[in-house]
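[1] After the sequence you'll find the predicted model.
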Amino acid sequence: MANEDNAVGALVDCISELRAHCPWMGALTHESLVEYLLEEAYEVAETIETAGGDAELKSELGDVLLQVVLHARLAEERGAFDLDDVARALMAKMIRRNPHVFRPDGSLQDSFPATVEEIVLKWDAVKKAEKPEHGHVFDGVPAALPALARAQKLLDRAERANLAADTGGAAVEIPATETELGDLLFGIVAGARAGGLDAERALRGALRRFQDSNGSRP
């Protein structure tokens, strides 16, 4: 392989050869890879949350990287972009969205006085300027997120935009630890299931009502 001294380049070459000579790899599409991308991301999260160790984390991150390289290779084959283009666009985005660290030309600022709060405000302002079509604070939150993760994201957005966070539900006493909270959530799901209710669907409905009440529809 031409990129043996460059690990990422060698990986790109490896995937190119597999696409050309392995029927299974050659049949992959962006659409067929979606389930693997999600699965690998969840496996990284599980490794971190269960303290799986560095060797396991390295392996799981490699699986996520494989998905990125595959998608980039598929795009390259149809003349859209390649992995270098992905990396360049990402670097440009990081420079653009972090003016507290970088000047527009990518050089470092002379000082870095920004607080976390200021960083968040600048980040949000840059994102809004990048995508003016996203007129509402909730725009861009993926509808495909699991309902619980989506609820967390919507509430984060609402807090940063000083929107009302009233979900219309009854106040509940929140446990002091995530372990106790997990047991409570699991108990709610178990109770819902016993009563013939779908907890995921119920929460999605609550999220739609929350968005409607704050002037945004999913």
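    That came in fine, so what should we check first?
[2] Run a quick neighbour tally on the residue lying closest to Asn214 once chain neighbours are set aside.
    Of all residues not flanking Asn214 in the chain, Leu163 sits nearest, at 5.0 Å (CB to CB, 6 or more residues apart in numbering). Bear in mind the C-beta positions are built from the backbone N, C-alpha and C, glycine included. A count of nearby residues for Leu163, using other CB atoms under 10 Å, gives 19.
[3] Can you give me the domain boundaries for this structure?
    Domain assignment for the chain by automatic domain parsing gives 7-90, 98-130, 147-213.
[4] These: which one's closest to Val141?
    Closest approach to Val141 among those (CB to CB): domain 147-213, 5.1 Å.
[5] Output the domains of the chain in CSV; the columns should cover distance to Asp139 and mean pLDDT.
    What follows is those, written out as CSV (distance: least, CB to CB, whole Å; pLDDT from 0 to 100):
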stretch, distance to Asp139, mean pLDDT
domain 7-90, 21, 97
domain 98-130, 10, 87
domain 147-213, 9, 88
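[6] Looking at those domains, which is nearest to His136?
    That would be domain 147-213 among those, by CB to CB, at 8.6 Å.
[7] Give me the distance from that closest one to the chain's centre.
    19 Å (CA atoms, centre = their mean, to the nearest Å).
[8] Stretch 14-34 too?
    Relative to the chain's own centre, stretch 14-34 is displaced by 24 Å; criterion: CA atoms, centre = their mean.
[9] which of the residues in that stretch are buried?
    Across stretch 14-34, burial judged by 16 or more other CB atoms under 10 Å covers Ile15, Ser16, Arg19, Leu28, Leu33.
[10] Ok, stretch 112-120 next?
    Neighbour-count burial for stretch 112-120, counted by 16+ other CB under 10 Å, picks out Ala114, Ile119.
[11] count of neighbours near Glu60?
    Neighbours around Glu60, by other CB under 10 Å: 20.
[12] now, among the buried residues of stretch 14-34, which is nearest to Leu83?
    Nearest member of these to Leu83, counting by CB to CB, is Ile15, at 9.3 Å.
[13] Which residues are in contact with Asp185?
    Careful, residue 185 is Leu and not Asp. Leu148 (CB atoms under 8 Å, 6 or more residues apart in numbering).
[14] Now name the helix or strand holding it.
    helix 178-194 (DSSP states H and E).
[15] and the longest helix along the chain, what does it pack onto?
    Ranked by residue count, the top helix of the chain under DSSP state H comes out as helix 54-77. With contacts defined as 3 or more CB pairs under 8 Å, 6 or more residues apart in numbering; DSSP states H and E, the packing partners of helix 54-77 are helix 7-21, helix 30-49, helix 83-97.
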